[in-house]
Structure formats: structure tokens, C-alpha cells
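**Student:** here is a sequence together with a model predicted from it:
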Number of protein chains: 2
Amino acid sequence: EKASGGSTFGDAPMVQSKSMSDKKWTAIQDLKPNLAGKEVLIRGYLQTTRLMGKGAFTLIRSSLYTAQGVCFESPTIPKEMVKYIGALPVESVVDVKGIVTVPNDPIDSATQKMVEIQISELYCVSKASPNLPFLMEDACRPDFEQEADVGAYTGEEVAAADGLVRVGQEMRLDHRWIDLRTPANQSIFRVESMVGTLFRECLIAKDFIEIHTPKLIGGSSEGGADIFELDYFGKPACLSMSPQLHKQITAACSGFERVFETGPVFRAENSNTRRHLCEFTGFDLEMAISEHYDEVLQVFSDLFIHIFDGLNTRCAAEIERVREQHPFEDLKYLRPTLKITYAEGCALLREAGIEQDDYEDLSTENEKKLGGIVKQKYDTDFFFMDKYPLSVRPFYTMPCPDNPKLSNSYDFFIRGQEILSGAQRVHDPDMILERAKALGIDVDESYVNSFRHGALPHGGGGIGLERVVMLFLGLPNIRKASWFPRDPKRLSP
Amino acid sequence: EKASGGSTFGDAPMVQSKSMSDKKWTAIQDLKPNLAGKEVLIRGYLQTTRLMGKGAFTLIRSSLYTAQGVCFESPTIPKEMVKYIGALPVESVVDVKGIVTVPNDPIDSATQKMVEIQISELYCVSKASPNLPFLMEDACRPDFEQEADVGAYTGEEVAAADGLVRVGQEMRLDHRWIDLRTPANQSIFRVESMVGTLFRECLIAKDFIEIHTPKLIGGSSEGGADIFELDYFGKPACLSMSPQLHKQITAACSGFERVFETGPVFRAENSNTRRHLCEFTGFDLEMAISEHYDEVLQVFSDLFIHIFDGLNTRCAAEIERVREQHPFEDLKYLRPTLKITYAEGCALLREAGIEQDDYEDLSTENEKKLGGIVKQKYDTDFFFMDKYPLSVRPFYTMPCPDNPKLSNSYDFFIRGQEILSGAQRVHDPDMILERAKALGIDVDESYVNSFRHGALPHGGGGIGLERVVMLFLGLPNIRKASWFPRDPKRLSP
């Protein structure tokens, strides 16, 4: 089949697996001067195209990489071909064939600066609508100011101090498939994917196994109010707020001892902030302990250091591409992870003139202030706080043996924001019932029963993946770290 | 703190992280003759305990491993201690200290046959209720017959031909935390965890990245009827039946090119069979193609061979433990994977005297029959069938370019049961609308729009994790491969 324009250009017939040729595509990432003089075939998005004199200048993109292709009228290149290329809508998918040359000066606008393609053929594989909701170049501009931590969204489009347009968060998410093409977003989600790889890699090496717990459960998972409810074949059901109860059952009551899960977590919270989502990805672990939940904390400390080190070494290029659009300072962290008690944290706040009671919960504001104080004092953006007041923790939290007002529980923080909550759990069925009663929780009977047939002492925690990515990269809004964010106002795309 | 019984035995105080000692626990798995004469401390479930003369004989279990501990009255062992041990409820968690000895004859009842522990101290860490819902030894018995593929459950308890009790599926699931302790179940879920590791390992090496798509979506995901619906802040929403639409958007329209996801999938199907669940784990992938979806099939072929090879080498012990309870024959598979067309499959059935039209869907029964025919003809339990009739595939399936009644789609089978469904997808927005209209599907607008701004030709597929595990291990019921199965009659534990 011929393309519409002729033998060297035009709209290609639909790729419908009619046949398989021996064509070889080269990845744009691999276009380097060692290919000079060779003919290559590339496929990518037409990021820009413009006519200059008798030539067309294009930028072709695949994932994080772009290359320049040029096409000049000549005995073998008809005028129509140059015009066709110059008139193609940007963001169309094109196949480009040509000879690689090395330009005299590096090409600033491309990531592949030391090569250029002398286009001999160009076919359009998928034609974009000429009316994009926003321009990629606007979507790629560096942040002109740090967004404040209030409200979920900025407006539609923002005219910045530099006079250039920035695309608002809402507009981006309405057309997420275009927004995701920016180098910053290509990088953010490659980083996020790597967090998953590093999380599992570390835990599998420590003999954890992966579990898959049900998201559909009878009754409420932890007695919270913010649950999504639904009808399950005539019975009331709800969506799991965390794998908490089932991961405890598997680790402590079913003999698996060390388990982890990565999966969706649902919160019907009507919070329209920059750090809440109604559906996010929980990275959970639960493990048997011999004597003390410090054994769990050691695993978490190793785990986060493995993740941070791994991102810095394996995603260095991606991190830099994020920084071009969203400037941030590298995360500072200690080995082993800095540990302070809740009481010490409260004292640090009071020393700085901030009101904070040892037995009352920390507000988001005070958490951030404490993050700043700790950063100044210990030079770390990452730490955890141990021995939270019992009254602010869920019913399954083990009380502290030395002080009945405290508990064997902890939170981890990055840049002053919580990314992990965990504890030693109660493994005694009578104590579970007693704690649930004290907190007025109607706890699931089979959960309590599972501790009646021999249960291992255990502890664990749950990590919010999107928060880890957001805070590691210093992003201003958790929606930038969620593929397709869900919040009270957004259920699509 | 002292244990209740005295200095060498009794109920231990609750493990509450009061302090951390320098005690070292030895894993039961590591109890081997090289430790003879050494003192060890182990923690595990008390699988059996019985008094014989002046001694107590115990079997202590951790995950897949058991060891025998014995305790005889002596100047240092009081009679009360022997009695205490003999009277402990089975399935209690105990700490056992003692000297490792090598018995004259191997201990048949233990996995650690060449060692025995001369118990000097024994404390109960978590006491089981003396009334277990069923006995572990009954739960561990080999299947006495292959269950038929009808109905979700057997009865409560089954008296087998050998006169010994088998525990019914329903009873097992009501007390899943005990059922999961059997060596077969410990093994099944270690195999399942390994499938996840192997799946990701293979795809990451092929440049796929992990995505997390929303499970809460507006409208129905693929126009099916079997969806769970819920209220989302006053708007109608439903649970995703697969990451299908979002994985296409990320791979084909957002420039990520190769993506995978592992996560829950929801089907409100009122099917009470041995192979359906209302919530299962989907292993999905989607990838851009250059010319032909054979590129996808190559990835799937490599992927499954990697998974099967990996299980056989890395989970050999677990596979044998499953076989002890659920006898099965090793999976046979070819390299590369056997491929036949749908028409060829139908012809094979007709040759065997079975009615099957080339353009009608295969019944479950005919799928199984075909699996048998293929096994006989090609000596493989694993194959795929290509070019399904267009009429039996979803609206997003690319029609076959050579025959308008066929499509560029395929299913994969293990032992005659489908474990994967996939296809080249339509990447042209007008064709998507046309196909949706032809099938009467009300397709989400943003999904169609995502293909209007440049889309890569692409294909992929979705694998049911529990089915892969069930069929690889030849298990009689998918509930045996689901941690906490959800079906129309079961929402707990």
C-alpha cells in the first residue's frame, strides 16, 4: 500500500498488521554521531515543524528524547513534500527516514544535539487534530513560582510574570494524555515506576512475599467514616481503606511472617488540598517480630535508603528533567535514618515558640514546621518520629508498655510531610476487643477470631507512593505524581 | 518479667517491645545436623504435642518447615514442665530452647528429619483456643479425588473413601488464616508471589514501566453489564473491570510506549463456578507496535516462558509441597509458544467430531476439549489462538485487514482454560467511534479524544494471576489461588 502523498511522503495507511516487513526502527535516544552517514528510520511525535525558505525543520520526540529532522527541496525532494511536512499538525505520529549528519553547531532545541536527520521520506502514522487544547511548549515551561499548599488546583491558564503562558493543573488533567508527554511527566512516572521496583527488590531480598488482599470488604475496614460504600449482591460492602487487617492476618495469623502489597487504597474524604487523593497507591508491609518493633523500623530504614539511593543512581537523568520544569533541592537523608520520639519532636516545636502538647496530634502545619527545625538541626529531609500518643492512633495499635498514654507507633516524614504511618500491632484477641471498644469501633468478627488460633507478634506500616514521589521530587501538588488523579471533583479521564 | 510457669516454661509475658535482648532465634528451616550439640532458640507454631511416658513430643512449624522437639522429665526438667507442654493447645505460638541432637533414625513426621531438639525451655507466646474449627492434619491430607468443574464449593466436611476427613472448601475459607498454614497453601502463595516477581522482571528488562490506573471510574469501563456501581460524591461511578482504557491511553496516547500494571479487577458476575471470582488480580501490559501485533505476541511468549522456567527453577520445593496435597502433572510448554489460528482450532474440534463454527465463540467445554486435542497433537499444555471472530471481541479490538469477520486478537490457554485475552487495539478515533456504535457501547468521550492528538499503534493483553497459578499447579478451584476469595456468596474474611 502507498501513502497518500506519493512514494516519499504522505499519510500512511493505517497500521493494521497487514504484513511485517524487515524495516528496522532506530530509537531517537540512540541517534548519536556514530551513526553519521547511515540511513535510519525513526517513529515519534512531531513536536514542532516550521517552513524556512525551501526547507522544513522538524523536531521528533519519543519519550524523553528529541531529534531534529530537516528536509530541503532538491531533485529528489519535491516542493510538495516540504510543504506537506511544514503543514502537518504538531503532535502527529510520524515515520521519518533519512541520513544522519553531524551539524557544525549543537542543536539546542533537541536532546540529541550532535546529530541531525536529512529527511528523505516522511509519513504520517496518526494525524493529530490541529486544535490542541494547549501547546506542549507551554506545558513544558518551568514553574514561575512555587504553588502554595492550599486548594487542589490553580486556574485554567496562568499568565506568568515573564509574560509567557503556564498551563493550569485542571486543564492539564482534563487532557492528561497530552500533559503526560512533557519531559517532566515522562520523568516523574519513570521515577514512580522505579520506586516500585526498588521497594519490591529490597523486601524480596529480606524474604518478604507479595500478597493480594481484597479491596471489596464487608463493613468498614478500620471503622473510619470516609469510606466508599456499594451494594454487593444485595449485601452492604465498602472499598478497603488499606490492606491493614488482611496483611495482619497473613503475616501474623497465617504463618507467612513477612508480607508486602502494592495496590489501590480508597478514601472518600472530601478534602480538596494539594496533598489528598480519594484513590492512591498504598505500599504496605507487615512482619512478624521477635521481641521489639525496632526490628520493623530497621527494615523501613533500610528500605527507604535503598529507594533513595536507587533513584539517585538509576534515575539521575529523569531527576534532572524534572528539575528543569520544577526546580527542587536534592533530598537529604542520613544512614541510618534519624529517629526522634514524638515527645522530642513536640519539645523541638515548643523550643521554637510553637504551641504543641505531647499528647495531642500534630497539625499539618506543625508537621511542616518540625520538618524545617529538624532539617536545620540534623541536616536531613527524612526522619521518623516514634511513640505517638495512643489516643491519636487506630485501635489495632499496641500500647506502650512503659506509659499507658503512648503507643508503639511511628510516622515517617519527607520534607515535613507524612509519607508512612505504622506501629506494632495488638496480637492478643482480648486486647483487640478491649481497644476497639475503648474507641467505639465495631470490629469485624473474623478479624478478631483470626488471633484466637495462635498469632505472631508483628508490626508494619503503609506508605503512600504518590506522596513519596511528590516529596522526593519536591513537586507542588500530589496530582503531579498520580497517573489519573481522583479527588472529590475529578473522576475522569 | 517471668513466664507464668517458672524459669524454664510457662505462658510468656506479652511481646510488647518492652526491651530488646541479645537473644538469637534460629529459623526452623536452618535446623540441620551441622548444629548438633549447639543450643538453639526457635519460634513457631506448635503443630502437634503428645505425652508418652515421662516425655512430651512436639512438632514445631514455621512456614514450610517443621522440627521435632522432645522434653523428658529429669533433674533439670520438672514433671510440671512436661505436663505443661503436653497440654498446650496445638497451633499456639511457642518459643523453644534446647540442644540440637541427631537421631538414629530420620524423623518421618518433620521436614527437618535429621535433627531433634532436646527442649530445655518452652514458653507460650500466643495461646490458641483449644477448639480449632478444623484440624491441621485434616486440612493437609492429599486430595482423594479431583473436584469436578461445577459449583463453587464442596460441602463442609467430606468423608473420603479412605475413611479420613477432608476439610471442605467453604469451611477452609471461613477460617482462612488456619487454612493458609498448610504446606500446600504456604507453597501456592509463594509460587503466586514469584509469578509477580517474574512478570515484572521480564517486562522491566524489556523497557516496560509500571503504571497505576484508577479503579474508580465514571460510567462503565468497557460497556459491560457486570459492574459494581457506587456513589462518588453525588456522581455515579463504578469499579474498573480492567485497566484496559487507561493502559491504552498511557502506552499509545501519552508517549510511554510500554506499560504494565498489576492490580485488582472487579467483576459483578453472578457466576458460582470453580473458575470465576468477583475480584481478582489482573496482570496487564500494553505496548506500542511498529507494524504488527506479532511484536506483542513475541513479548507474551517470552514472558510466559520466563515465568514457567522461573517457577520450575526457583520454586521447585514449593511445587513439590503442593503436589503432596494436590497431585498434578508438570506443565508442558514449547519454545517458542505454540500458535494456532482460531480457524485451525475450530477445525481440530470438528475433526474430533465436535460441533464448532469458525465465527462463533468457544464454550468453556470446547476450550477444554481443544486443550486436550492440542496436548495430544503437539505435546503442550500451553498455546495461543490467534484471529478470533470480530463479533466476539470488545469494541476496541482492531479488525483483521484481510477478513472483515475476523480480528487481530488472541487468547492464551493453560490446560485448556483461558488465562489471557488480548489484541491489537484500534488507535484511530473515528474507527473507535464506529466500532463502539456497531456494538451499541456508550464509550467515554475522553477515551476517544485521547486518540485525537496523535496515537501510536498498539496492542496488549490482560492475564488473570489466580488462573495462571491455579492452572500451572493443576488446582481444582480458583479459590485455592486467591488469598481471600470474593464471589457472589463470599465477602469475608
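**Tutor:** Thanks, I have it.
**Student:** nearest spatial neighbour of whichever residue of the stretch 301-450 of chain A sits closest to chain B, skipping sequence neighbours?
**Tutor:** Closest to chain B within the stretch 301-450 of chain A is residue A:446: 3.7 Å, counting by C-beta to the nearest C-beta. Backbone N, C-alpha and C define where each C-beta goes, glycine included. Among residues not flanking residue A:446 along the chain, residue B:493 sits closest, at 3.7 Å (C-beta to C-beta, 6 or more residues apart in numbering or on different chains).
**Student:** contact partners for that neighbour?
**Tutor:** Residue B:493 makes contact with A:246, A:249, A:444, A:446, A:447, A:450, B:174, B:176, B:177, B:484, according to C-beta atoms under 8 Å, 6 or more residues apart in numbering or on different chains.
**Student:** for the first one, give its distance to chain B.
**Tutor:** Meaning residue A:246. In this structure, residue A:246 and chain B are 6 Å apart, going by C-beta to the nearest C-beta, to the nearest Å.
**Student:** average model confidence for the helix or strand hosting that residue?
**Tutor:** Taking DSSP states H and E as the criterion, residue A:246 maps to helix A:244-248. In this model, helix A:244-248 has an average pLDDT of 97.
**Student:** what does the stretch 51-200 of chain A put close to chain B?
**Tutor:** When proximity is defined as C-beta under 8 Å from any C-beta of the partner chain, the stretch 51-200 of chain A approaches chain B at A:61-63, A:91-93, A:125-129, A:132, A:174-178, A:180-181, A:186, A:189-190, A:192-193, A:196-197, A:200.
**Student:** now restrict the residues you listed to buried residues only.
**Tutor:** Applying 16 or more other C-beta atoms under 10 Å in any protein chain shown to these, the neighbour count classes A:61-63, A:91-93, A:125-128, A:132, A:174-178, A:180-181, A:186, A:189-190, A:192-193, A:196-197, A:200 as buried.
**Student:** closest one to residue A:424 out of the contacts of residue B:493, please.
**Tutor:** residue A:249 (16.1 Å; C-beta to C-beta).
**Student:** could you pull up the mean pLDDT of stretch A:466-478?
**Tutor:** The model assigns stretch A:466-478 a mean pLDDT of 96.
**Student:** that stretch: end-to-end distance?
**Tutor:** Its start and end residues considered, stretch A:466-478 measures 6 Å (C-alpha to C-alpha, to the nearest Å).
**Student:** return the set of buried residues in it.
**Tutor:** Here stretch A:466-478 shows A:466-478 as buried, counting by 16+ other C-beta under 10 Å.
**Student:** go on, stretch A:433-443?
**Tutor:** For stretch A:433-443, by 16+ other C-beta under 10 Å, it's A:433, A:435, A:436, A:439, A:441, A:443.
**Student:** stretch A:37-48 too?
**Tutor:** Buried residues in stretch A:37-48 (16+ other C-beta under 10 Å): A:40, A:42, A:43, A:44, A:45, A:46, A:47, A:48.
**Student:** beta partners of the spatially closest residue to the fifth one that is not a sequence neighbour?
**Tutor:** Think residue A:45. What sits nearest to residue A:45 in space, not counting adjacent residues and going by C-beta to C-beta, 6+ apart, is residue A:61, at 4.7 Å. Judged by DSSP bridges, the bridge partners of residue A:61 are residue A:45, residue A:66.
**Student:** which residues touch residue A:61?
**Tutor:** In this structure, residue A:61 makes contact with A:28, A:44, A:45, A:47, A:181, B:255, judged by C-beta under 8 Å, 6+ apart.
**Student:** make TSV from those and add distance to residue A:170 to it.
**Tutor:** Compiled in TSV, the contacts of residue A:61 are given as follows (distance: C-beta to C-beta, whole Å):
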residue	distance to residue A:170
A:28	31
A:44	28
A:45	24
A:47	24
A:181	18
B:255	21
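**Student:** in terms of contact, does residue A:244 touch residue A:397 like I think?
**Tutor:** No: counting by C-beta atoms under 8 Å, residue A:397 is not a contact partner of residue A:244; they are 10.8 Å apart.
**Student:** re the thing from before, could I get the buried residues of stretch A:433-443 as TSV with distance to residue B:333?
**Tutor:** Converted to TSV, the buried residues of stretch A:433-443 look like this (distance: C-beta to C-beta, whole Å):
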residue	distance to residue B:333
A:433	50
A:435	51
A:436	50
A:439	53
A:441	50
A:443	46
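**Student:** domains in chain A, by residue range?
**Tutor:** Using automatic domain parsing, the domain parsing of chain A gives A:9-126, A:183-481.
**Student:** right, and these - which one's nearest residue A:142?
**Tutor:** domain A:183-481 (5.3 Å).
**Student:** for the stretch 51-200 of chain A, what spans make up the helices?
**Tutor:** If DSSP state H, counting those that start in this stretch is used as the criterion, the helices of the stretch 51-200 of chain A fall at A:79-87, A:136-139, A:169-174, A:176-179, A:183-205.
**Student:** JSON lines for these, including mean pLDDT?
**Tutor:** Listed next are these as JSON lines, based on pLDDT from 0 to 100:
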{"stretch": "helix A:79-87", "mean pLDDT": "97"}
{"stretch": "helix A:136-139", "mean pLDDT": "92"}
{"stretch": "helix A:169-174", "mean pLDDT": "94"}
{"stretch": "helix A:176-179", "mean pLDDT": "97"}
{"stretch": "helix A:183-205", "mean pLDDT": "98"}
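**Student:** deepest of those helices, which one?
**Tutor:** Ranked by mean neighbour count under mean count of other C-beta atoms under 10 Å in any protein chain shown, the helices of the stretch 51-200 of chain A are led by helix A:176-179, which reaches a mean of 24.
**Student:** next one: that helix to chain centre, how far?
**Tutor:** Taking C-alpha atoms, centre = their mean, to the nearest Å, one finds helix A:176-179 lying 15 Å from the centre of the chain it belongs to.
**Student:** show me the shaky parts of chain A.
**Tutor:** Low-confidence segments of chain A, defined by pLDDT under 70, span residues A:1-2, A:145-151, A:154-161, A:220-224.
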